[in-house]
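1. Sequence plus predicted model, see below.
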Amino acid sequence: MGPAGFSFDDPTFGCRILRVSDEKTMSGDPLVTPARAEQNPWNVAATRFCVLTMDQRNIPFRFDPVAMKAARIDGLPTLPGIRGNAPFSYHDPDAGSAGSQ
């Protein structure tokens, strides 16, 4: 598998998969996504999402679904003061459950 930014077609389901992190992201620390269905790590427009570090810090990303490109948000390495899952609103693309994203 290539570095962050590498994409490929899943051999079983045929959908496009994009790798958004690698050993350079957060010094190679493991990253996870929410494990419960009611936690929404994506905004409703599918243009922003968050992943979690193992110590529960949220790392925000921007996503371009047309170009299939993701990037960390400049100047915002993690969401300050928010630990644990910080799901986005299911209705407002610019809001999360903890306030504006």
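-> Structure's in. What do you need?
2. Residue 93 touches residue 47, doesn't it?
-> Yes - counting by CB atoms under 8 Å, residue 93 does reach residue 47; the two are 6.9 Å apart. Quick note: C-beta positions are derived from backbone N, CA and C, even for glycine.
3. Doesn't residue 71 belong to a strand?
-> Yes - according to DSSP: H, G, I helix; E, B strand; the rest coil, residue 71 belongs to a strand.
4. which one is it nearest to, not counting chain neighbours?
-> Leaving out its chain neighbours, the residue that sits closest to residue 71 by CB to CB, 6 or more residues apart in numbering is residue 62, at 5.4 Å.
5. May I have the beta-bridge partners of that neighbour?
-> Per DSSP bridges, the residues bridged to residue 62 are residue 48, residue 71.
6. Surely it is in contact with residue 70?
-> Yes - at 6.9 Å, residue 62 counts as touching residue 70 under the criterion of CB under 8 Å.
7. between these two, who's got more neighbours?
-> Counted by other CB atoms under 10 Å, residue 62 and residue 70 do not tie: residue 70 has more neighbours, with 20 against 13.
8. Let me see the contact set for that one.
-> Going by CB atoms under 8 Å, 6 or more residues apart in numbering, residue 70 touches 5, 18, 20, 49, 61, 62, 63, 64.
9. now this structure, which segments are flagged as low pLDDT?
-> For the chain, the stretches with pLDDT under 70 are 35, 96-101.
10. 80 instead?
-> 34-39, 85-87, 94-101 (pLDDT under 80).
11. Cool, thanks, signing off.
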